[in-house]
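J.: sharing a sequence plus its predicted fold:
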Amino acid sequence: MNRLTNLPTLRINPAEELTFYYGRTNFSGCYGDTVASALYAGGVRIFSRSLKYHRPRGLYSLDGECSNTLMTVNSIPNIRTENTLLKPDMKVDAQNVMGSAENDMMGFMDKLDFFMPAGFYYRIMHKPSFIWPIFMKHIRKAAGLGTISPDFRMKGVYDEIYPVADVCIIGGGAAGMSAALAAADSGKRIILIESRPWLGGCFDYRIHSYGKGKPLYLRARELAAQVEQTPNIRIFKHTFLIGAYSANMLTAFQTGGENDSFDERYIEIKSESFVVATGCIERPLLFENNERPGVMQISCAHRLAKTYGVLPGKDAVFSVGHDTGLEAAIDLFDLGLKVSCVADIREDGHDQKLLEELAERRIPFLGGWAAARVHGEKHVNKVTLSKLDGTIQRHFHCDLLVASAGLTPVTAPLSLMNAGFEYDDHTGYFLPVNMPEKVFAAGRITGLNNPSSIEASGRLAGFMAAMASGASCKNEIEDARKALAMLPGPERGTKFLSVPVSGRKTFICFDEDTTIKNIRQAIDMGFDVPELIKRFTSAGTGPGQSGIPGHNLPLCVANYTGKCISKFRPTTVRPPVVPTYIATYAGRKHRMTKRTPVHDLQVKKCGVFRLMGVWERARYFSDDFTCRNEILNVRNNVGMLDSSTLGKFRIHGPDALKALQRVYVSDMRSVRNGCIKYSAMCNDDGCVIDDGVIVRISENDYYFTTSTARAGQTIEWIRYHTKYDDWDFHIVNLTDSMGVINISGPNSRKVLEKIADSDLSNTAFPFGGYREFSVAGVIPVRAMRPGFVGELSYELHVPSSWMQSLWEIIESAGKEFNIGNFGVEAQNVMRMEKGHLILGIESEQRTNLLDLGLGFLWDRSKMEAKTVGAVALRQAENDSGRLKLVGIKMDDSQRPPRDGSVIVDKRIRGYVCTARRSFSLDTVIGMAIVESDLSNIGTELEIFEDECKAELIHVRVVHMPFYDPEGKRMKM
Amino acid sequence: MIKAIQRRSPVQFDAKPLFTEMRNSWKIVLSYQDEKDGPFLVDLSHMTRWDIQDGKLDSILPVGIEIPETPGECRLKNGILINRMNRTQAAIWHLDQNAHDMPVESCYTDVTEATVFLALFGHNTFSITEKLTSLDFGNPGIKPPSLLQGPFCNVPSQIVLMEKKDNVSGAILLTCQRGYAHGIVSAIMDAGEEFGLRPAGESRFLGFLADGTSVLAS
């Protein structure tokens, strides 16, 4: 293994070898390697092909700032190999290639750039119009990186946590660690997140002096040790910020290490205050073929050697714009890299000591020069350097170009937090202004570069964040402020400079293959704002989220338009800031649905469950989804249904009746002891939102039911509509407290009589009655006699803990009468036969109480202003042009139309709410909502279904109810 | 086939009961096999809970105990835990084996059946809860016992912080709608797997209540 093994800055263990596969070839890396560093160490230089032009792409940032190194790992596409730690036996493949990354048959696309100018998607291939769909199909097919099988299942454990902190610090470099230590002094709870698997930031790999002979990397380790030993600092390493939201919330995800119980976990952090210490990235230098494999940023080349022990090349040229470039050239030279030349875009302002060190090593230095072009088809083999005005050029043969235009702050977190940015002439940075409340910036993001200043700014931000979260540290802040003022301030940075280039192959956005030429084309077409240019050219819309083009784009636009840079800002960054697995968002995928007390008993009876709202309900009890047997058993014998999902409430207090009067359309004074009263609630538009029965338990004490769907909103609804009345009443939600068993069918009384200690004769307990009795001497039952399915029925409300026992008792007692389970679908058919509606299925926003034929519930003698919806109902009463609910019947009993099918003549005139084959009536019936002129009995309606091929279904409007219109069966 | 006529909890742990007891028609598991050293999850759904709502809560003394004044405050006395929920409402949880008869005043409602009632306690309790809720049990300003109301596994819940030893160890009592019992128990057990969470019987909880520190220190 060709590694530098004796460096104190290494984060790999060269002694621990890991094998993996790239394509079909066996590779080896070291423990601590990323997939990308291991591939590079193994000689791989082309990692992928670019989106549009299929240009070869290689290592560039080593921090996943662009899509260059997105690869397929273990069948998962678009893995950021620069950020993914190598694991044994990983299977790595190049993506967006036809053939291999080295020999991609789509490579010819690079010659077709003339065919794809800025915004070509909107401009080219649209005339004549018929050709666009053809091209669109192919463009869409070509778009996107990587492929995944639709039935692919993610392996691994995806966890989630929701930690809370007083101060959250983003960035584990020197500034972030100093901020954490300062804030922790106050005793507050600190969370520190860092995207790399270790703390240290830009100090971590550098041997440049921190002061007193101590190198930066040792200082980083010192700080890291202090942070790790501080009990009130919680560190999340290898954790990537995804988003920042209101309510002081940050989202991130953490990649699990070998000792973690998860592969990735979603982290949602709530914190009182924040410190953003995300430091700087390098602003790409713009020149022809600036993304050719072999071109990489300073920190990429430097870290490859110092962190991973991989010398990035043999013969290098440096074209840089910051002292870190000079530092890297010296350092890498000392490690054995031949450095043919160092060009610096700056004419002056260099660290003289570094220049002397270059001279000592006889490394040629060119101030005011920069790379103009890289040569080589697939790899760098020559570099042309040029004076900035383009007047003089020099050529160097090399296999590595370390290129950077200077530093630029990582502003994405602050952008997510709605900070403003302003261009600063001195630093050449877009610096944060108008910081959000309780958010503080520290370190290099503020333009500082001196190591002591970076730490001091971190301490100041840490104290300020602690104070913002309630700590008392005014004096510490004052001291920290003074200490910072004594240290060097922000350094002069590099302006937006490059040598004159045609821009045809000068890429400003690697992800989307957007060139400088594209940007100029967009500006020439009138797009003069970076946000619009971004959309028109796609620059910055790739998976790197503006990592590469982020700050170059506004600078480039200002430069080309000749406008003042102060008018421009970096484009908006949106979550997720870094590509995030959907599996990570999904987390543990806990299925938080509700089950009734007799769920398991119904499972044993082959219940087929469906999710209805939050409840799991047994919809069928066989694989015959027409439910023929279930229905006929209820009609002829007796069936039992679990109706526990009904909303159930107790309302009590001196003003309980007033509250009921307010929300129900009926006169609730008429609720009689021992009887149920069916009524409905409307909204202010008179639309029915709920229905149910009300029972008077005692004076000022009522028990009422609601539909399953509305149960969750009922208390708020009643409170909302009585909020100004100062009435004395209280509501208790008993939905889960009481289970409900519905026994229906002509034999239901016989079953119940066997187990109840009460007279259940029709005289003693008539239709519409309410009784309380017990079963087996111990199970308390509240029994009602409704008629929803049109048969003799009992609705037994029972404390949930007794439900299983009662269910088994009824099953046993009903055995001799062939009692059977029936599900929600059978109930649905039977209630439809009876003409009873289900709100939400036979009602909608446009239909009011009257339209649905429920006007009989409305007590017009109640004061309108006191009943929710009454005013609207009064107004709608004489409106002839409304929708109406009608019964429909098919003339020829074929299959029923599908629910939701539209009723048409020359236009849509209504729709089918429910239609089913009625086994009780041996025909197809249903309910539909139609315009009122179609609602007369006998009207012929035509129904259009998807893919009916113009063969309309014919039905007639008929009277409801269809079944037992006189209601004798439910009153027997 | 009728099984015994008895009341059943919505919670069923995947563990073998060691000792059980019939009480007030509930079959209560006193201990499970292999409970180990914690953390523990105990089903207390059989323990009586009352809801009390009244405009003048301050004038009411449920079983002789004053209702705390401030929402979020709790009072634990003689095995009765009273949690002030809001201006007009409090919850009364019986944490011992001897439930009182519910007073006859209409302001009381027995809500034992309405919710699932769980105790989670021992080492790493808050490492487990952190995976399920953003409720801040570690807030130094919240002293046990205190009531927190909010989402737990995305389900609206009432949670009482009973004990807090350090950032990770302590005890909570949790109630949420009974129908969610299966989902919430699965979620807690799943979240607690890496910390060795085991189902435990009522005795373990009563032991903790009698001497909480020993459980947390073990």
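T.: Thanks, I have it.
J.: right, and chain A sits closest to which residue of chain B?
T.: residue B:179 (3.0 Å; C-beta to the nearest C-beta). C-beta here means a position set from N, CA and C on the backbone, and glycine is covered the same way.
J.: okay, now that residue: neighbour count?
T.: 27 (other C-beta atoms under 10 Å in any protein chain shown).
J.: roughly how far does the closest residue in space to it that isn't next to it in sequence sit from residue B:188?
T.: Take residue B:179 and drop its neighbours on the chain: the residue closest to it by C-beta to C-beta, 6 or more residues apart in numbering or on different chains is residue A:594, 3.0 Å away. To residue B:188, residue A:594 is 16 Å away according to C-beta to C-beta, to the nearest Å.
J.: next: residue A:73.
T.: In terms of C-beta to C-beta, residue A:73 sits 33 Å off from residue B:188.
J.: could you look up the SS state of the residue nearest to the spatial centre of chain B?
T.: The centre of chain B sits closest to residue B:173, judged by C-alpha atoms, centre = their mean, with a distance of 3.2 Å. At residue B:173 the chain is in strand, as set by DSSP: H, G, I helix; E, B strand; the rest coil.
J.: count of residues packed around residue A:438?
T.: Using other C-beta under 10 Å: residue A:438 sits among 18 other residues.
J.: hmm, it is touching residue A:468, no?
T.: Yes - shown here, residue A:438 and residue A:468 form a contact pair, counting by C-beta atoms under 8 Å, at 4.2 Å.
J.: just give the nearest non-adjacent residue to residue A:42, would you?
T.: Excluding the flanking residues, the one nearest residue A:42 by C-beta to C-beta, 6+ apart is residue A:27, at 4.5 Å.
J.: that neighbour - how many residues pack around it?
T.: By other C-beta under 10 Å, 20 other residues sit near residue A:27.
J.: next: residue B:124.
T.: Neighbours around residue B:124, by other C-beta under 10 Å: 18.
J.: any idea how far the residue lying closest to it once chain neighbours are set aside is from residue B:39?
T.: Take residue B:124 and drop its neighbours on the chain: the residue closest to it by C-beta to C-beta, 6+ apart is residue B:195, 4.0 Å away. Using C-beta to C-beta, residue B:195 is found at 6 Å from residue B:39.
J.: anything in contact with each of these two?
T.: Common neighbours of residue B:195 and residue B:39, counting by C-beta atoms under 8 Å, 6 or more residues apart in numbering or on different chains, are B:123-124, B:128.
J.: let me know the closest of those to residue A:660.
T.: Each of the shared contacts of residue B:195 and residue B:39 was checked against residue A:660 using C-beta to C-beta; the closest is residue B:128, at 43.1 Å.
J.: using CSV, write out every CA atom in stretch A:929-946.
T.: Extracted C-alpha coordinates of stretch A:929-946, given in CSV (Å, rounded to 0.1, in the frame of the first residue of the first chain):
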residue,chain,number,x,y,z
ILE,A,929,-74.9,14.0,-5.7
VAL,A,930,-76.4,15.8,-8.7
GLU,A,931,-77.5,19.3,-9.7
SER,A,932,-81.0,19.9,-8.5
ASP,A,933,-82.7,19.7,-12.0
LEU,A,934,-81.5,16.1,-12.3
SER,A,935,-82.9,15.1,-8.9
ASN,A,936,-86.4,14.4,-9.9
ILE,A,937,-87.6,10.8,-9.5
GLY,A,938,-87.3,8.9,-12.7
THR,A,939,-84.6,11.1,-14.3
GLU,A,940,-82.2,9.2,-16.4
LEU,A,941,-78.5,9.8,-15.6
GLU,A,942,-75.5,8.9,-17.6
ILE,A,943,-72.3,8.0,-15.8
PHE,A,944,-68.8,8.3,-17.2
GLU,A,945,-66.0,6.2,-15.8
ASP,A,946,-62.3,6.3,-16.5
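J.: what's in contact with it?
T.: Against stretch A:929-946 from outside (C-beta under 8 Å, 6+ apart): A:842, A:844, A:847, A:851, A:880-886, A:888, A:897-898, A:901-905, A:909-913, A:928, A:952-959.
J.: and with 7 Å instead?
T.: Residues outside stretch A:929-946 that contact it (C-beta atoms under 7 Å, 6 or more residues apart in numbering or on different chains): A:847, A:880-886, A:888, A:897-898, A:901-905, A:909-913, A:952-959.
J.: and stretch A:90-108, by the same measure?
T.: Residues outside stretch A:90-108 that contact it (C-beta under 7 Å, 6+ apart) are A:20-23, A:35, A:39, A:46-49, A:51, A:54, A:56, A:70-74, A:77, A:145-146, A:378.
J.: again, but for stretch A:230-247
T.: Under C-beta under 7 Å, 6+ apart, the answer for stretch A:230-247 is A:163, A:170, A:172, A:180-181, A:184, A:187-199, A:227-228, A:250-255, A:267, A:413, A:416-417, A:575-578, A:580.
J.: low-confidence regions, chain B specifically.
T.: Scanning chain B with the threshold set as pLDDT under 70 gives B:1-3, B:212-218.
J.: C-alpha coordinates for the helix ranked longest in chain B, CSV please?
T.: Assignment by DSSP state H gives helix B:181-192 as the longest helix of chain B. Provided in CSV are the C-alpha atoms of helix B:181-192 (Å, rounded to 0.1, in the frame of the first residue of the first chain):
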residue,chain,number,x,y,z
ALA,B,181,-51.2,1.2,23.1
HIS,B,182,-49.8,-1.3,20.6
GLY,B,183,-48.0,1.3,18.6
ILE,B,184,-46.5,3.2,21.5
VAL,B,185,-45.3,0.1,23.4
SER,B,186,-43.7,-1.2,20.2
ALA,B,187,-42.0,2.1,19.6
ILE,B,188,-40.7,2.3,23.2
MET,B,189,-39.5,-1.2,23.2
ASP,B,190,-37.8,-0.7,19.8
ALA,B,191,-36.2,2.5,20.9
GLY,B,192,-35.0,0.9,24.1
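J.: distance between that helix and the chain's centre?
T.: 15 Å (C-alpha atoms, centre = their mean, to the nearest Å).
J.: still on that earlier bit, mind checking the SS state of the residue of chain B closest to chain A?
T.: Classified using three-state DSSP, residue B:179 is helix.
J.: up against chain A, what does chain B have?
T.: With C-beta under 7 Å from any C-beta of the partner chain as the criterion, chain B comes near chain A at residues B:2-3, B:5-8, B:10, B:25, B:51, B:53, B:55, B:88, B:106, B:109, B:111, B:113-115, B:130-131, B:133-134, B:136, B:138, B:153-155, B:177-180, B:182-183, B:186-187, B:190, B:194.
J.: now residue A:309: how far from residue A:203?
T.: Taking C-beta to C-beta, one finds residue A:309 at 19 Å from residue A:203.
J.: for chain B, which segments count as helices?
T.: B:125-129, B:181-192, B:202-210, B:212-217.
J.: one step back: residues touching the residue of chain B closest to chain A, list them.
T.: Counting by C-beta under 7 Å, 6+ apart, residue B:179 has contacts A:594-596, A:615, A:736.
J.: mark which of those are part of strands, please.
T.: Of these, the ones assigned to strands by DSSP state E are residue A:615.
J.: which other helices and strands does the longest strand along chain B contact?
T.: Within chain B, and with DSSP E defining each element, the longest strand by residue count is strand B:155-164. Judged by 3 or more C-beta pairs under 7 Å, 6 or more residues apart in numbering or on different chains; DSSP states H and E, the packing partners of strand B:155-164 are strand B:80-84, strand B:146-152, strand B:170-177.
J.: angle of the last one against helix B:202-210?
T.: On the basis of axes from the mean of the first three to the mean of the last three C-alpha atoms, to 10 degrees, strand B:170-177 is oriented at 120 degrees to helix B:202-210.
J.: where does residue A:385 fall, helix, sheet strand or coil?
T.: From three-state DSSP, the assignment for residue A:385 is strand.
J.: check the one 4 residues further on too.
T.: Under three-state DSSP, residue A:389 falls in the coil class.
J.: count of residues packed around it?
T.: 9.
J.: still on that earlier bit, name the residues linked to the residue nearest to residue A:42 by a beta bridge.
T.: residue A:20 (DSSP bridges).
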